[in-house]
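Asker: What follows is a predicted protein model with its sequence.
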Amino acid sequence: MPFTVTDVPHLPAGFADTFTSKTVTTSEGLTLHAVVGGSGPALLLLPAWPQFWYHWRLVMPALAEHFTVVAADLRGLGGSDKPATGYTPVTLAADMADLMTALGHDRFAVAGYDLGMNVAQGLAASHRDRVTRLVVGESVLPGLSPS
């Protein structure tokens, strides 16, 4: 299945006028895919498992009026590489920090749910100087909430 803005079906009208697919290579040599558009402070959107950036497509146009939206495909999902290892929240958070650096964003807000929530929480904890805001929902935090 294709994962780029030009290949997926059922996008809101004018979506491709605002958003484009981008790929970056991290410091570890991993290729990550994200869909980027809008203007203003950077906002990183992290999807649930097994979803990809497409999950956010309906809210992205409204967010792009106020933010530079970066809807990422985590390692193993969507258009990003799918290596055999590296699927801990800590590693996924490091991937997202590398993605935002490669896209030129030193500071950014982050929102995530389900798997994206765990990655967002790890990203905010390990990069406190970079994450300006954190929005999370609908997931269990190992060690903090009951299974």
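Answerer: Sure thing, it's come through.
Asker: For the protein, which segments count as strands?
Answerer: 19-25, 31-38, 42-46, 68-72, 108-113, 131-137 (DSSP state E).
Asker: Ok, which of the ones you listed comes nearest Thr91?
Answerer: For Thr91, the closest of the strands of the chain is strand 31-38, at 12.3 Å, according to CB to CB. Placement of C-beta: from N, CA and C, glycine included.
Asker: Who are the packing partners of that closest one?
Answerer: Identification of packing neighbours for strand 31-38 by 3 or more CB pairs under 8 Å, 6 or more residues apart in numbering; DSSP states H and E yields strand 19-25, helix 60-64, strand 68-72, helix 89-102.
Asker: Tell me where this protein is predicted with low confidence.
Answerer: Residue ranges of the chain with pLDDT under 70: 1, 140-142, 144-147.
Asker: Nearest residue to the middle of it?
Answerer: Centroid-nearest residue in the chain: Ala72, 2.9 Å away (criterion: CA atoms, centre = their mean).
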